[in-house]
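Undergrad: Have a look; sequence and predicted model below, questions after that.
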Amino acid sequence: MSLNAESTAFRSALEVIRAVEPRVADAIGAELVDQRESLKLIASENYASPATLLAMGNWFSDKYAEGTVGRRFYAGCQNVDTVEALAAEHARELFGAAHAYAQPHSGIDANLVAFWAILADRVESPALKKAQVRQVNDLTEADWFALRRELGNQRMLGMSLDAGGHLTHGFRPNISGKMFDQRSYGTDPATGLIDYDKVAEAAREFKPLILVAGYSAYPRKVNFRIMREIADSVGATFMVDMAHFAGLVAGKVFTGDFDPVPHAHIVTTTTHKSLRGPRGGMVLCGPELADQVDRGCPMVLGGPLPHVMAAKAVALAEARRPDFADYAQRIVDNAQALAEGLARRGAKLVTGGTDNHLVLIDVTGYGLTGRQAEQALLDSGIVTNRNAVPRDPNGAWYTSGIRIGTPALTSRGLGTAEMDQTAELIHTVLSQTTSGESKAKYVLDPALADKVSKQASDLLAGFPLYPAVDLG
Ligand code: DSN
(Lines give C-alpha, C1' and ligand atoms only; values in the text may rest on other atoms or scores of the structure.)
Protein backbone atom coordinates (compact mmCIF):
# COMPACT_ATOMS: atom_id res chain seq x y z
CA MET A 1 0.00 0.00 0.00
CA SER A 2 1.42 3.41 -0.89
CA LEU A 3 1.82 6.01 1.83
CA ASN A 4 -0.72 8.22 0.06
CA ALA A 5 -3.30 5.46 -0.04
CA GLU A 6 -2.80 4.79 3.69
CA SER A 7 -3.16 8.43 4.56
CA THR A 8 -6.33 8.78 2.51
CA ALA A 9 -7.83 5.60 3.98
CA PHE A 10 -7.36 6.63 7.62
CA ARG A 11 -8.32 10.27 7.07
CA SER A 12 -11.48 9.27 5.21
CA ALA A 13 -12.44 6.81 7.93
CA LEU A 14 -12.07 9.50 10.59
CA GLU A 15 -14.13 11.97 8.56
CA VAL A 16 -16.94 9.43 8.25
CA ILE A 17 -16.84 8.75 12.01
CA ARG A 18 -16.60 12.45 12.85
CA ALA A 19 -19.82 13.16 10.99
CA VAL A 20 -21.69 10.85 13.40
CA GLU A 21 -19.91 11.17 16.76
CA PRO A 22 -16.99 13.61 16.70
CA ARG A 23 -15.91 12.66 20.22
CA VAL A 24 -15.11 9.15 19.04
CA ALA A 25 -13.09 10.51 16.12
CA ASP A 26 -11.26 12.78 18.57
CA ALA A 27 -10.50 9.87 20.92
CA ILE A 28 -9.13 7.80 18.03
CA GLY A 29 -6.93 10.72 16.99
CA ALA A 30 -5.81 11.33 20.58
CA GLU A 31 -4.84 7.67 20.96
CA LEU A 32 -2.54 7.96 17.94
CA VAL A 33 -0.93 11.07 19.42
CA ASP A 34 -0.40 9.31 22.79
CA GLN A 35 1.07 6.23 21.13
CA ARG A 36 3.35 8.40 18.99
CA GLU A 37 4.71 10.38 21.91
CA SER A 38 5.33 7.78 24.60
CA LEU A 39 7.84 5.00 24.93
CA LYS A 40 5.53 2.00 24.72
CA LEU A 41 7.22 -0.75 26.71
CA ILE A 42 4.21 -2.87 27.64
CA ALA A 43 5.45 -6.36 26.78
CA SER A 44 2.08 -7.52 25.43
CA GLU A 45 1.44 -4.58 23.09
CA ASN A 46 2.55 -3.83 19.56
CA TYR A 47 1.66 -1.74 16.50
CA ALA A 48 -0.34 -3.64 13.88
CA SER A 49 0.28 -2.77 10.23
CA PRO A 50 -2.08 -0.40 8.37
CA ALA A 51 -3.28 -3.36 6.28
CA THR A 52 -4.15 -5.30 9.44
CA LEU A 53 -5.95 -2.32 10.98
CA LEU A 54 -7.92 -1.58 7.81
CA ALA A 55 -8.98 -5.22 7.37
CA MET A 56 -10.98 -4.86 10.61
CA GLY A 57 -13.06 -1.82 9.74
CA ASN A 58 -15.63 -3.14 7.24
CA TRP A 59 -18.90 -4.98 6.62
CA PHE A 60 -17.52 -8.37 7.62
CA SER A 61 -18.44 -7.07 11.06
CA ASP A 62 -22.13 -7.44 10.12
CA LYS A 63 -22.06 -11.16 9.40
CA TYR A 64 -23.02 -14.02 11.72
CA ALA A 65 -21.08 -17.23 11.05
CA GLU A 66 -21.42 -19.64 13.97
CA GLY A 67 -19.89 -23.02 13.21
CA THR A 68 -16.72 -23.59 11.20
CA VAL A 69 -15.59 -23.30 7.59
CA GLY A 70 -18.10 -25.14 5.36
CA ARG A 71 -20.29 -26.12 8.34
CA ARG A 72 -22.16 -23.05 9.52
CA PHE A 73 -25.39 -22.47 11.40
CA TYR A 74 -26.13 -19.48 9.11
CA ALA A 75 -26.55 -19.12 5.35
CA GLY A 76 -24.42 -16.85 3.18
CA CYS A 77 -21.04 -17.45 4.88
CA GLN A 78 -18.99 -18.07 1.73
CA ASN A 79 -16.84 -14.95 2.16
CA VAL A 80 -16.34 -15.57 5.87
CA ASP A 81 -15.27 -19.11 4.92
CA THR A 82 -12.67 -17.58 2.61
CA VAL A 83 -11.04 -15.41 5.28
CA GLU A 84 -11.29 -17.97 8.08
CA ALA A 85 -9.74 -20.64 5.84
CA LEU A 86 -6.98 -18.21 4.82
CA ALA A 87 -6.19 -17.32 8.45
CA ALA A 88 -6.02 -21.03 9.33
CA GLU A 89 -3.87 -21.86 6.29
CA HIS A 90 -1.38 -19.09 7.05
CA ALA A 91 -1.25 -20.19 10.70
CA ARG A 92 -0.64 -23.84 9.80
CA GLU A 93 2.12 -22.92 7.36
CA LEU A 94 3.73 -20.37 9.65
CA PHE A 95 3.85 -22.61 12.73
CA GLY A 96 4.02 -26.03 11.06
CA ALA A 97 0.80 -27.10 12.78
CA ALA A 98 -1.57 -29.78 11.52
CA HIS A 99 -4.65 -27.79 12.48
CA ALA A 100 -5.42 -24.13 13.25
CA TYR A 101 -8.58 -22.54 14.64
CA ALA A 102 -8.74 -18.79 14.08
CA GLN A 103 -11.98 -17.89 15.85
CA PRO A 104 -11.10 -17.15 19.51
CA HIS A 105 -11.68 -13.51 20.34
CA SER A 106 -8.87 -13.31 22.89
CA GLY A 107 -6.29 -15.34 24.79
CA ILE A 108 -8.72 -16.36 27.52
CA ASP A 109 -11.15 -17.55 24.84
CA ALA A 110 -8.40 -19.54 23.12
CA ASN A 111 -7.54 -21.17 26.46
CA LEU A 112 -11.19 -21.99 27.14
CA VAL A 113 -11.48 -23.61 23.71
CA ALA A 114 -8.38 -25.67 24.49
CA PHE A 115 -9.53 -26.68 27.99
CA TRP A 116 -12.91 -27.82 26.72
CA ALA A 117 -11.39 -29.64 23.74
CA ILE A 118 -9.18 -31.56 26.19
CA LEU A 119 -12.07 -32.22 28.59
CA ALA A 120 -14.26 -33.39 25.70
CA ASP A 121 -11.50 -35.69 24.46
CA ARG A 122 -10.32 -37.07 27.79
CA VAL A 123 -13.49 -37.06 29.91
CA GLU A 124 -16.66 -36.63 27.86
CA SER A 125 -15.88 -38.94 24.91
CA PRO A 126 -14.95 -41.93 27.12
CA ALA A 127 -18.17 -41.39 29.12
CA LEU A 128 -20.27 -41.34 25.96
CA LYS A 129 -18.51 -44.44 24.74
CA LYS A 130 -19.08 -46.22 28.02
CA ALA A 131 -22.78 -45.32 27.96
CA GLN A 132 -22.90 -46.36 24.29
CA VAL A 133 -24.46 -43.10 23.14
CA ARG A 134 -23.35 -40.60 20.48
CA GLN A 135 -23.97 -37.32 22.26
CA VAL A 136 -24.68 -35.81 25.67
CA ASN A 137 -28.42 -35.38 25.00
CA ASP A 138 -28.70 -39.15 24.81
CA LEU A 139 -27.31 -39.76 28.32
CA THR A 140 -29.63 -40.74 31.16
CA GLU A 141 -30.13 -38.13 33.87
CA ALA A 142 -27.90 -40.16 36.20
CA ASP A 143 -25.10 -40.52 33.63
CA TRP A 144 -25.31 -36.82 32.76
CA PHE A 145 -25.08 -35.87 36.43
CA ALA A 146 -22.06 -38.13 36.86
CA LEU A 147 -20.37 -36.71 33.75
CA ARG A 148 -20.89 -33.13 34.91
CA ARG A 149 -19.29 -33.94 38.24
CA GLU A 150 -16.37 -35.63 36.52
CA LEU A 151 -15.85 -32.68 34.16
CA GLY A 152 -15.68 -30.41 37.20
CA ASN A 153 -13.25 -32.62 39.07
CA GLN A 154 -10.15 -32.50 36.88
CA ARG A 155 -6.63 -31.32 37.69
CA MET A 156 -4.32 -28.81 36.08
CA LEU A 157 -0.67 -28.07 36.79
CA GLY A 158 0.59 -24.68 35.61
CA MET A 159 3.19 -22.04 36.36
CA SER A 160 2.49 -19.95 39.44
CA LEU A 161 1.31 -16.40 38.93
CA ASP A 162 4.17 -14.74 40.79
CA ALA A 163 6.70 -16.77 38.81
CA GLY A 164 5.21 -15.32 35.61
CA GLY A 165 2.33 -17.71 34.84
CA HIS A 166 -1.03 -16.45 33.64
CA LEU A 167 -4.33 -15.95 35.44
CA THR A 168 -6.11 -18.21 32.95
CA HIS A 169 -3.90 -21.17 33.89
CA GLY A 170 -6.11 -22.27 36.74
CA PHE A 171 -6.14 -19.33 39.18
CA ARG A 172 -9.17 -18.77 41.38
CA PRO A 173 -10.17 -15.25 40.25
CA ASN A 174 -10.44 -16.65 36.69
CA ILE A 175 -12.98 -19.20 35.43
CA SER A 176 -10.14 -21.69 34.88
CA GLY A 177 -9.54 -21.75 38.65
CA LYS A 178 -13.20 -22.49 39.27
CA MET A 179 -13.18 -25.27 36.65
CA PHE A 180 -10.00 -27.07 37.68
CA ASP A 181 -8.33 -28.28 40.83
CA GLN A 182 -5.07 -26.42 40.22
CA ARG A 183 -1.55 -26.74 41.52
CA SER A 184 1.42 -24.57 40.51
CA TYR A 185 5.07 -25.01 39.81
CA GLY A 186 7.33 -22.04 40.54
CA THR A 187 10.89 -21.06 39.84
CA ASP A 188 14.11 -21.79 41.67
CA PRO A 189 14.69 -19.13 44.37
CA ALA A 190 18.42 -18.94 43.61
CA THR A 191 18.35 -18.73 39.80
CA GLY A 192 14.80 -17.60 39.08
CA LEU A 193 14.59 -20.36 36.46
CA ILE A 194 12.08 -23.19 36.06
CA ASP A 195 13.39 -26.26 37.84
CA TYR A 196 12.24 -29.13 35.60
CA ASP A 197 12.97 -31.75 38.27
CA LYS A 198 10.57 -29.93 40.59
CA VAL A 199 7.93 -29.76 37.83
CA ALA A 200 8.33 -33.52 37.30
CA GLU A 201 8.01 -34.13 41.04
CA ALA A 202 4.84 -32.01 41.25
CA ALA A 203 3.39 -33.84 38.23
CA ARG A 204 4.12 -37.23 39.80
CA GLU A 205 2.44 -36.24 43.05
CA PHE A 206 -0.55 -34.37 41.61
CA LYS A 207 -1.20 -36.40 38.44
CA PRO A 208 -2.84 -33.58 36.46
CA LEU A 209 -5.07 -34.11 33.44
CA ILE A 210 -3.42 -31.04 31.87
CA LEU A 211 0.13 -29.74 32.20
CA VAL A 212 0.30 -26.10 31.10
CA ALA A 213 3.44 -24.23 30.06
CA GLY A 214 3.56 -20.61 29.01
CA TYR A 215 3.89 -17.30 30.78
CA SER A 216 3.29 -13.60 30.66
CA ALA A 217 6.18 -12.44 32.84
CA TYR A 218 8.99 -15.03 32.70
CA PRO A 219 12.03 -13.57 30.92
CA ARG A 220 13.53 -16.88 29.81
CA LYS A 221 12.98 -19.69 27.30
CA VAL A 222 11.10 -22.84 28.29
CA ASN A 223 12.27 -26.28 27.19
CA PHE A 224 9.07 -27.75 25.78
CA ARG A 225 10.67 -31.12 24.97
CA ILE A 226 11.35 -31.69 28.66
CA MET A 227 7.87 -30.46 29.61
CA ARG A 228 6.30 -32.88 27.12
CA GLU A 229 8.32 -35.75 28.62
CA ILE A 230 7.00 -34.80 32.05
CA ALA A 231 3.42 -34.69 30.72
CA ASP A 232 3.84 -38.08 29.05
CA SER A 233 5.28 -39.61 32.21
CA VAL A 234 1.99 -38.96 34.06
CA GLY A 235 -0.44 -39.28 31.16
CA ALA A 236 -1.23 -35.54 31.06
CA THR A 237 -2.23 -33.56 28.00
CA PHE A 238 0.47 -30.97 27.35
CA MET A 239 -0.82 -27.49 26.55
CA VAL A 240 1.32 -24.45 25.77
CA ASP A 241 0.02 -20.89 25.91
CA MET A 242 2.47 -19.05 23.66
CA ALA A 243 0.53 -15.78 23.61
CA HIS A 244 3.53 -13.70 24.64
CA PHE A 245 6.19 -15.28 22.45
CA ALA A 246 4.22 -16.40 19.36
CA GLY A 247 6.14 -13.84 17.29
CA LEU A 248 9.43 -15.39 18.37
CA VAL A 249 8.16 -18.83 17.35
CA ALA A 250 6.83 -17.47 14.04
CA GLY A 251 10.14 -15.69 13.39
CA LYS A 252 12.13 -18.88 14.16
CA VAL A 253 13.98 -17.36 17.09
CA PHE A 254 12.58 -20.14 19.26
CA THR A 255 13.31 -23.44 17.51
CA GLY A 256 13.95 -27.08 18.47
CA ASP A 257 13.22 -27.73 22.13
CA PHE A 258 11.99 -24.13 22.52
CA ASP A 259 9.37 -24.26 19.75
CA PRO A 260 6.18 -25.48 21.45
CA VAL A 261 4.35 -26.61 18.32
CA PRO A 262 6.11 -29.97 17.72
CA HIS A 263 6.04 -30.83 21.43
CA ALA A 264 2.60 -29.80 22.70
CA HIS A 265 -0.69 -31.60 22.14
CA ILE A 266 -2.33 -28.19 21.88
CA VAL A 267 -1.03 -24.62 21.62
CA THR A 268 -2.95 -21.42 22.26
CA THR A 269 -1.97 -17.87 21.46
CA THR A 270 -3.13 -14.34 21.08
CA THR A 271 -2.52 -12.66 17.76
CA HIS A 272 -1.77 -9.11 18.88
CA LYS A 273 1.35 -9.35 21.03
CA SER A 274 4.74 -10.20 19.51
CA LEU A 275 2.84 -11.70 16.53
CA ARG A 276 1.74 -8.12 15.66
CA GLY A 277 -1.76 -8.90 14.41
CA PRO A 278 -5.23 -7.76 15.43
CA ARG A 279 -6.52 -8.32 18.98
CA GLY A 280 -7.64 -11.93 19.11
CA GLY A 281 -6.73 -15.54 19.80
CA MET A 282 -5.98 -18.78 18.01
CA VAL A 283 -5.56 -22.50 18.76
CA LEU A 284 -3.16 -24.94 17.06
CA CYS A 285 -3.28 -28.70 17.50
CA GLY A 286 -2.75 -32.10 15.94
CA PRO A 287 -5.47 -34.11 14.19
CA GLU A 288 -6.50 -35.87 17.45
CA LEU A 289 -7.97 -32.72 18.98
CA ALA A 290 -8.97 -30.89 15.78
CA ASP A 291 -12.67 -31.81 15.79
CA GLN A 292 -13.09 -30.86 19.43
CA VAL A 293 -11.24 -27.56 18.91
CA ASP A 294 -13.50 -26.71 15.96
CA ARG A 295 -16.49 -26.99 18.32
CA GLY A 296 -15.17 -23.89 20.17
CA CYS A 297 -18.10 -21.88 18.76
CA PRO A 298 -20.76 -22.22 20.07
CA MET A 299 -19.27 -24.38 22.87
CA VAL A 300 -17.53 -21.48 24.66
CA LEU A 301 -17.30 -18.72 22.05
CA GLY A 302 -19.92 -16.31 20.81
CA GLY A 303 -20.29 -15.74 17.07
CA PRO A 304 -16.96 -15.41 15.27
CA LEU A 305 -15.68 -11.96 14.32
CA PRO A 306 -15.10 -12.26 10.56
CA HIS A 307 -13.54 -8.79 10.30
CA VAL A 308 -10.95 -9.79 12.91
CA MET A 309 -10.33 -13.13 11.19
CA ALA A 310 -9.72 -11.16 7.97
CA ALA A 311 -7.15 -9.08 9.85
CA LYS A 312 -5.60 -12.25 11.33
CA ALA A 313 -5.18 -13.60 7.79
CA VAL A 314 -3.44 -10.37 6.74
CA ALA A 315 -1.15 -10.29 9.78
CA LEU A 316 -0.25 -13.98 9.47
CA ALA A 317 0.56 -13.43 5.78
CA GLU A 318 2.88 -10.63 6.91
CA ALA A 319 4.48 -12.91 9.50
CA ARG A 320 5.26 -15.45 6.77
CA ARG A 321 7.45 -12.92 4.95
CA PRO A 322 11.23 -13.22 5.43
CA ASP A 323 11.49 -9.79 7.08
CA PHE A 324 9.39 -11.01 10.02
CA ALA A 325 12.22 -13.34 11.08
CA ASP A 326 14.51 -10.32 11.14
CA TYR A 327 11.93 -8.43 13.23
CA ALA A 328 11.65 -11.31 15.71
CA GLN A 329 15.42 -11.50 16.17
CA ARG A 330 15.59 -7.73 16.70
CA ILE A 331 12.92 -8.00 19.45
CA VAL A 332 15.25 -10.29 21.42
CA ASP A 333 18.40 -8.30 20.61
CA ASN A 334 16.63 -5.18 21.86
CA ALA A 335 15.37 -6.87 25.04
CA GLN A 336 18.88 -8.06 25.80
CA ALA A 337 20.35 -4.61 25.15
CA LEU A 338 17.71 -3.08 27.43
CA ALA A 339 18.43 -5.66 30.15
CA GLU A 340 22.18 -5.12 29.89
CA GLY A 341 21.74 -1.33 29.96
CA LEU A 342 19.59 -1.56 33.09
CA ALA A 343 21.81 -4.09 34.87
CA ARG A 344 24.93 -2.03 34.09
CA ARG A 345 23.28 0.96 35.76
CA GLY A 346 22.45 -1.10 38.85
CA ALA A 347 18.89 -2.32 38.27
CA LYS A 348 17.97 -5.64 39.85
CA LEU A 349 16.53 -7.95 37.18
CA VAL A 350 14.59 -11.16 37.80
CA THR A 351 16.85 -14.01 36.50
CA GLY A 352 19.54 -11.39 35.81
CA GLY A 353 18.54 -10.79 32.19
CA THR A 354 16.39 -12.14 29.38
CA ASP A 355 16.37 -14.44 26.42
CA ASN A 356 12.97 -13.46 25.10
CA HIS A 357 11.08 -10.21 24.53
CA LEU A 358 10.64 -9.09 28.14
CA VAL A 359 12.59 -7.90 31.15
CA LEU A 360 11.31 -7.92 34.72
CA ILE A 361 12.84 -5.26 36.98
CA ASP A 362 12.63 -5.91 40.73
CA VAL A 363 12.05 -2.31 41.80
CA THR A 364 12.57 -3.04 45.50
CA GLY A 365 16.19 -2.45 44.45
CA TYR A 366 15.15 1.21 44.02
CA GLY A 367 13.15 1.17 47.28
CA LEU A 368 9.83 1.30 45.38
CA THR A 369 6.72 -0.78 44.85
CA GLY A 370 5.69 -1.73 41.33
CA ARG A 371 2.77 0.65 41.55
CA GLN A 372 4.97 3.61 42.53
CA ALA A 373 7.47 2.81 39.78
CA GLU A 374 4.76 2.35 37.13
CA GLN A 375 3.23 5.75 37.88
CA ALA A 376 6.56 7.57 38.09
CA LEU A 377 7.55 6.14 34.70
CA LEU A 378 4.17 7.09 33.24
CA ASP A 379 4.65 10.68 34.46
CA SER A 380 7.88 10.60 32.48
CA GLY A 381 6.40 9.40 29.17
CA ILE A 382 7.37 5.75 29.65
CA VAL A 383 4.45 3.30 29.53
CA THR A 384 5.05 0.02 31.37
CA ASN A 385 3.04 -2.17 33.70
CA ARG A 386 3.65 -3.28 37.24
CA ASN A 387 3.97 -7.02 37.76
CA ALA A 388 4.55 -9.41 40.63
CA VAL A 389 8.02 -10.88 41.05
CA PRO A 390 8.56 -14.39 42.43
CA ARG A 391 7.48 -14.61 46.09
CA ASP A 392 6.43 -10.95 45.89
CA PRO A 393 6.27 -9.26 49.33
CA ASN A 394 3.88 -6.58 47.98
CA GLY A 395 1.23 -8.90 46.55
CA ALA A 396 -0.50 -8.85 43.19
CA TRP A 397 -1.92 -5.31 43.40
CA TYR A 398 1.04 -3.15 44.44
CA THR A 399 3.68 -5.67 43.32
CA SER A 400 7.46 -5.29 43.39
CA GLY A 401 8.16 -5.44 39.68
CA ILE A 402 7.99 -3.54 36.44
CA ARG A 403 7.59 -5.63 33.29
CA ILE A 404 8.99 -4.13 30.12
CA GLY A 405 9.03 -5.56 26.61
CA THR A 406 10.40 -4.64 23.21
CA PRO A 407 7.92 -5.87 20.51
CA ALA A 408 6.33 -2.43 20.01
CA LEU A 409 9.46 -0.27 19.99
CA THR A 410 11.14 -2.80 17.70
CA SER A 411 8.22 -2.47 15.26
CA ARG A 412 8.83 1.25 15.34
CA GLY A 413 12.43 0.70 14.28
CA LEU A 414 14.35 1.40 17.48
CA GLY A 415 17.53 -0.64 17.85
CA THR A 416 20.05 -1.60 20.51
CA ALA A 417 21.58 1.89 20.76
CA GLU A 418 18.15 3.37 21.50
CA MET A 419 17.53 0.59 24.04
CA ASP A 420 20.57 1.75 25.96
CA GLN A 421 19.17 5.29 25.94
CA THR A 422 15.83 3.89 27.11
CA ALA A 423 17.58 2.06 29.95
CA GLU A 424 19.16 5.36 30.96
CA LEU A 425 15.77 7.10 31.04
CA ILE A 426 14.16 4.30 33.09
CA HIS A 427 17.06 4.18 35.54
CA THR A 428 17.07 7.97 35.90
CA VAL A 429 13.38 8.04 36.80
CA LEU A 430 13.47 5.06 39.17
CA SER A 431 16.61 6.17 40.96
CA GLN A 432 15.21 9.71 41.44
CA THR A 433 11.81 8.55 42.71
CA THR A 434 11.28 8.02 46.42
CA SER A 435 8.61 6.05 48.20
CA GLY A 436 5.74 8.10 49.70
CA GLU A 437 3.54 7.47 52.73
CA SER A 438 1.75 4.50 51.15
CA LYS A 439 2.55 1.74 48.65
CA ALA A 440 0.88 3.85 45.95
CA LYS A 441 2.40 7.24 46.80
CA TYR A 442 5.77 8.46 45.56
CA VAL A 443 7.79 11.60 45.18
CA LEU A 444 9.28 12.58 41.83
CA ASP A 445 10.35 16.09 40.89
CA PRO A 446 7.88 17.17 38.14
CA ALA A 447 10.68 19.03 36.36
CA LEU A 448 12.63 15.77 36.07
CA ALA A 449 9.51 13.92 34.80
CA ASP A 450 9.03 16.63 32.15
CA LYS A 451 12.67 16.48 31.16
CA VAL A 452 12.56 12.70 30.71
CA SER A 453 9.26 12.92 28.78
CA LYS A 454 10.92 15.36 26.40
CA GLN A 455 13.96 13.08 26.05
CA ALA A 456 11.63 10.13 25.33
CA SER A 457 9.75 12.05 22.68
CA ASP A 458 13.04 13.29 21.13
CA LEU A 459 14.25 9.68 21.01
CA LEU A 460 11.05 8.63 19.25
CA ALA A 461 11.07 11.51 16.78
CA GLY A 462 13.52 9.63 14.58
CA PHE A 463 11.11 6.68 14.36
CA PRO A 464 7.73 8.01 13.20
CA LEU A 465 4.71 5.87 13.99
CA TYR A 466 2.30 5.33 11.07
CA PRO A 467 4.20 8.02 9.16
CA ALA A 468 1.60 8.18 6.41
CA VAL A 469 -1.16 9.10 8.79
CA ASP A 470 -1.45 12.87 9.02
CA LEU A 471 -4.52 13.79 11.05
CA GLY A 472 -4.06 17.45 10.31
N1 DSN B 1 -2.85 -8.95 29.35
C2 DSN B 1 -1.80 -9.76 28.83
C3 DSN B 1 -0.48 -9.31 29.29
O4 DSN B 1 -0.32 -8.13 29.46
O5 DSN B 1 0.41 -10.12 29.49
C6 DSN B 1 -1.99 -11.18 29.14
O7 DSN B 1 -3.27 -11.40 29.56
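TA: Perfect, thanks for sending it. Residues are numbered from 1 along each chain as shown.

Undergrad: How about the residues of the stretch 251-400 of the chain by the ligand?
TA: By C-beta under 6 Å from any ligand atom, no part of the stretch 251-400 of the chain sits against the ligand. (C-beta placed from N, C-alpha, C; glycine too.)

Undergrad: try the stretch 101-250 of the chain
TA: Neighbours of the ligand within the stretch 101-250 of the chain, by C-beta under 6 Å from any ligand atom: 107, 216.

Undergrad: And the helices in the stretch 101-250 of the chain?
TA: In the stretch 101-250 of the chain, the segments counted as helices under DSSP state H, counting those that start in this stretch are 107-119, 125-131, 141-151, 175-179, 196-206, 224-233, 246-250.

Undergrad: Please name the nearest non-neighbouring residue to the residue in the stretch 51-200 of the chain that the ligand sits nearest to.
TA: Nearest residue of the stretch 51-200 of the chain to the ligand, counting by C-beta to the nearest ligand atom: G107, 5.6 Å away. Of all residues not flanking G107 in the chain, T270 sits nearest, at 4.2 Å (C-beta to C-beta, 6 or more residues apart in numbering).

Undergrad: Test my guess that that neighbour contacts A243.
TA: Yes. Counting by C-beta atoms under 8 Å, A243 is a contact partner of T270 at 4.2 Å.

Undergrad: returning to that earlier point: show me the contacts for the residue of the stretch 51-200 of the chain closest to the ligand.
TA: Shown in contact with G107 (C-beta atoms under 8 Å, 6 or more residues apart in numbering): 166, 168, 241, 243, 268-270, 281.

Undergrad: pLDDT weak spots in the stretch 51-200 of the chain?
TA: Judged against pLDDT under 70, the stretch 51-200 of the chain has no low-scoring part.

Undergrad: can you map out the strands along it?
TA: In the stretch 51-200 of the chain, the segments counted as strands under DSSP state E, counting those that start in this stretch are 67-68, 71-72, 99-101, 154-159, 180-185.

Undergrad: Could you say which of the ones you listed is packed most deeply?
TA: Most buried of these by mean neighbour count (mean count of other C-beta atoms under 10 Å) is strand 99-101; its value is a mean of 25.

Undergrad: strands paired with it, and their directions?
TA: Paired strands of strand 99-101, with direction, are strand 281-285 (antiparallel) (DSSP bridges).

Undergrad: tally of neighbours for the residue of the stretch 1-150 of the chain found nearest the ligand?
TA: Nearest to the ligand in the stretch 1-150 of the chain, going by C-beta to the nearest ligand atom, is S44, at a distance of 3.4 Å. Per other C-beta atoms under 10 Å, the neighbour tally for S44 reads 20.

Undergrad: Just to check, S435 is in contact with R371?
TA: No. S435 is beyond contact range of R371, at 10.5 Å (criterion: C-beta under 8 Å).

Undergrad: List the buried residues of stretch 428-444.
TA: When neighbours are counted by 16 or more other C-beta atoms under 10 Å, the buried residues of stretch 428-444 are found to be 428-430, 432-433, 439, 442, 444.

Undergrad: ignore the last one, stretch 378-387
TA: By 16+ other C-beta under 10 Å, the buried positions in stretch 378-387 come out as 378-387.

Undergrad: try stretch 227-243
TA: 227-228, 230-231, 234, 236-243.

Undergrad: Can you name the residues that contact the residue in the stretch 351-472 of the chain that the ligand sits nearest to?
TA: Nearest residue of the stretch 351-472 of the chain to the ligand: N385, at 6.6 Å (C-beta to the nearest ligand atom). Counting by C-beta under 8 Å, 6+ apart, N385 makes contact with 42-43, 374, 402-403.

Undergrad: Can I get the buried part of the residues you listed as one PyMOL selection?
TA: PyMOL command restricting these to the buried ones, with burial defined by 16+ other C-beta under 10 Å:
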select buried, resi 42+43+374+402+403
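
Undergrad: Turn the contacts of N385 into JSON lines, including distance to N394 and pLDDT.
TA: Shown next, in JSON lines, are those (distance: C-beta to C-beta, whole Å; pLDDT from 0 to 100):
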{"residue": "I42", "distance to N394": "20", "pLDDT": "98"}
{"residue": "A43", "distance to N394": "20", "pLDDT": "98"}
{"residue": "E374", "distance to N394": "12", "pLDDT": "98"}
{"residue": "I402", "distance to N394": "12", "pLDDT": "98"}
{"residue": "R403", "distance to N394": "14", "pLDDT": "98"}
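
Undergrad: Most widely separated two among the contacts of N385?
TA: Greatest spatial distance in the contacts of N385: A43 and E374, 13.1 Å, computed using C-beta to C-beta.

Undergrad: and the residue nearest to V332 when sequence neighbours are not counted, how many neighbours does it have?
TA: Counting by C-beta to C-beta, 6+ apart, V332 lies nearest to V253, which is 5.6 Å off, once chain neighbours are set aside. Residues contacting V253 under the criterion other C-beta under 10 Å number 24.

Undergrad: any idea how far Y327 is from V253?
TA: Distance, V253 to Y327, using C-beta to C-beta, to the nearest Å: 10 Å.

Undergrad: for the record, mean pLDDT for the lengthiest helix in the chain?
TA: Across the chain, the longest stretch assigned as helix under DSSP state H is helix 322-344. The average pLDDT within helix 322-344 is 98.

Undergrad: what about the following helix or strand past that helix, distance to the chain center?
TA: The helix or strand immediately downstream of helix 322-344 is strand 358-362, counting by DSSP states H and E. Here the centre of strand 358-362 is set off from its chain's centre by 16 Å, with C-alpha atoms, centre = their mean, to the nearest Å.

Undergrad: other SSEs contacting strand 358-362?
TA: Helices and strands touching strand 358-362, by 3 or more C-beta pairs under 8 Å, 6 or more residues apart in numbering; DSSP states H and E, are helix 322-344, strand 401-405.

Undergrad: which strands and helices sit next to the next helix or strand after it?
TA: Remark: after strand 358-362, the chain's next helix or strand is helix 370-379, criterion DSSP H and E. When contacts are defined as 3+ C-beta pairs under 8 Å, 6+ apart, helix 370-379 packs onto strand 385-387, helix 395-398, strand 401-405, helix 416-432, strand 442-443, helix 446-461.
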